Each structure stands twice: as structure tokens, then as C-alpha cells.
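1. generate a structure from the sequence data that follows.
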Amino acid sequence: MTASAAPVVCIGGFNVDRKLRLLAQALPGSSNPCEAHETPGGVVRNVAENLARLGLPVALIAAVGDDAGGRMLLEQAARVGIGTEAVLRQRRQVSDSYTAVLSADGELHLGLAAMPLVERLDAWTLAPSKAMRRGAALVVADGNLSQDVWPLLLDEARAGGPPLVVVAVSEAKMARLPHDLAGLHLLILNAGELSTVAAEPGEALARLHGRGVGCVLVSQGGEGLLLSQPGREPRRWAAPPVKVVDVTGAGDALSAGVCAGLLRDPQDFDAAARLGLDLAALTLQTEDSVHPQLTPDFLSNR
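-> Residues are numbered from 1 along each chain as shown. Alright, predicted model coming up:
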């Protein structure tokens, strides 16, 4: 895994993010005043935009409807430099969406995911993009993908394809990952998602390595990152303190920063972790899912 002109191929969620921020404490069963904000979203789409804004070549494999939301997603992707040749256009369908209800302090109060189109990505619909994946510098997939997709991606990685990175999206969707994860280079997830594997973190990490995962990177929010690799002591990095405006997209920025760092030097997890934490900190300070002022300077100055 080295930095090159080969693209990072991102597979998974491509949806409209709608953020409703409460102006006061929520009152169940009542109308609550809020502020509304809409941006392009989707875990792997956010990862792709971060990478594109850092100046790295990126291609997206996803699905959108032929509605206004889908047109907005494709137009914005083209503007920031994400390749969308492999995005499936679904006729007479509404594009996927994720609605985040945020508390007044910016923390997630409730998340609502309406994402039927990403469920349509399967071995058959991914067949035309096989050559794209084979020629990638890195394949990044998110946990929105259906159970049918994982054997294909893992088989390609085991057969000598590009390193495969998986970014978890929720505790509920962790069950979609197969038991046999041999071929998975890196799994990025948070403490809640890790707890679905086993209640005790050390046991959960051991189980994931036993299932074939090479590296596990756990985001612990304000406490920073933990990296687990088989046969090595866990490593930890502290998160830089920031004033949180909005948490949405920060985890995706973290994943993008880690991937960008590993593309530069696959052996330097220290630099990759610090880049990911810095990019997440930047994203926490904006209402957008990806910081709109992110440029290649963020990467080249490190």
C-alpha cells in the first residue's frame, strides 16, 4: 500500500444528510424547535470527499436515485473530485438519506437511516467495477453494505488485491460482517461497535483477530484512539481538545485521515493515527459532514 496515482476505491453509503439541531432540551411527544442543515453524506462518501479534498484520487461505488437528492449528490461529488463512473443510477427511486437529530450541544440525540439503495449493491451489481477495485491503491468499504457483498470483497483481498479497510457505521450493522474476516487489513470502529463483539474490550479485540482481522483501530471519542495488532501491545493516542460544533462526520474524517496516512507510509501507524485525529478535530468544528475548507495543504504540511 503506497501512495500513487492509483485511486482509493470507496464502496458503500451515498446519501443525503439532514441534520436537525435542537434549540433546547427535547420534549418527547411534542413539537421541538430546531435548526435544519442538509449536506451530502454517507460514511464512505464522507471518507471519499475528505480524501479528494486532500488531493488524493478517489472513485466511488454506490447507488443513488433519480431524484433531486441524487442529482445533488452526483453534482457535488464531481465538484470535489470524486469519480462517480461506477455509481448505480436507480430509476424512479428516492436517494438514501440519514437524518441526525442533534442535542443543543451538538451530540447525537437520534439517528434515522433510510438507506434501501445501498442494500442493492451485491456481487452482481459490483461485477462491472471489478477492474477498478483490482487497480486501486486501497479499497475502503463501510458497514452499510449487505451481507452478500463481504465474501466478494474479502475474497478479492485474499487473492492479492489491494488492502481492504472496513469502516463500521453502527452497532446494529456490525452483525452484517461475516464470521470469517481473513483478508481484512484494517477495521475501524468505535467503542460501542466493538462491544457488539464482546462486552470486555480485550476479549472483543482478541475475537476479531481470531476471525482474521489484521489491525483494529478503535475510536474512543474524546479519549482518542486505540490500535490493536496480533501479538503486540495495544497502542493509544490522545485526541486533541476542541470545541465541538457538530459530531456528524468526525468519525469518517478520522477514517479518511488514517487511510491517507497509511497510503503515504503503510508502516507508520503513529503518523496515520495523528493525521486521523487532527482531521476529526477539524471536522468537529463545522456543521458540515466534511470541512468545506479542507485542502491538500492539510496533508502536505505534515
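2. could you pull out the buried residues of stretch 112-119?
-> By 16 or more other CB atoms under 10 Å, the buried positions in stretch 112-119 come out as 113, 115, 117-118. Just so you know, the C-beta spots here come from the backbone N, C-alpha and C atoms, and that holds for glycine as well.
3. which one of those is nearest Ala172?
-> For the buried residues of stretch 112-119, the residue nearest Ala172 by CB to CB is Ala113; the value is 9.1 Å.
4. list the residues that contact the closest one.
-> 96-98, 170 (CB atoms under 8 Å, 6 or more residues apart in numbering).
5. next, format those residues as a markdown table and append secondary structure and neighbour count.
-> Converted to a markdown table, the contacts of Ala113 look like this (DSSP: H, G, I helix; E, B strand; the rest coil; neighbours: other CB atoms under 10 Å):
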| residue | secondary structure | neighbour count |
| --- | --- | --- |
| Asp96 | coil | 28 |
| Ser97 | strand | 18 |
| Tyr98 | strand | 22 |
| Ser170 | coil | 17 |
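6. need the max-distance pair from the residues you listed.
-> Pairwise distances across the contacts of Ala113 peak at 15.1 Å for Ser97 and Ser170 (criterion: CB to CB).
7. so where's the stretch 201-302 of the chain shaky on pLDDT?
-> 302 (pLDDT under 70).
8. who's in contact with the helix or strand containing Arg274?
-> Per DSSP states H and E, Arg274 falls inside helix 269-283. Residues outside helix 269-283 that contact it (CB under 8 Å, 6+ apart) are 50, 215, 217, 219, 224-225, 227, 235, 237, 239-240, 242, 249-262, 264-265, 289-291, 294, 298-299, 302.
9. one more: stretch 182-202?
-> For stretch 182-202, the surrounding residues in contact (CB under 8 Å, 6+ apart) are 1, 154-158, 163-168, 170-171, 174-175, 181, 204-205, 207-208, 211-221, 251, 254-255, 258, 262.
10. sort out for me which of the contacts of helix 269-283 are in helices.
-> Members of those lying in helices (criterion: DSSP state H): 50, 250-262, 264, 298-299.
11. ok, which stretches of the protein are helices?
-> 43-53, 68-80, 123-126, 130-134, 150-158, 191-195, 201-210, 250-264, 269-283, 297-300.
12. out of the ones you listed, deepest packed?
-> Comparing those by mean neighbour count (mean count of other CB atoms under 10 Å), helix 43-53 comes out on top with a mean of 30.
13. wait, Val244 sits on Glu287?
-> No: between Val244 and Glu287 there is no contact under CB atoms under 8 Å: 11.1 Å.
14. comparing those two, which residue is more hemmed in?
-> It is Glu287, of Val244 and Glu287, that has more neighbours when counted by other CB atoms under 10 Å, with 16 against 13.
15. in contact with the more buried one, which residues?
-> 19, 37, 245-246.
16. of all the helices of the chain, which one is nearest Ser31?
-> Going by CB to CB, the one of the helices of the chain nearest Ser31 is helix 68-80, 25.1 Å.
17. what average pLDDT does the closest one get?
-> Mean pLDDT, helix 68-80: 96.
18. now do it: which elements does it pack against?
-> Helices and strands touching helix 68-80, as assessed by 3 or more CB pairs under 8 Å, 6 or more residues apart in numbering; DSSP states H and E, comprise strand 15-22, strand 34-41, helix 43-53, strand 63-65.
19. returning to what we had before: among the contacts of Ala113, which one has the lowest pLDDT?
-> The minimum pLDDT among the contacts of Ala113 falls on Tyr98, with 87.
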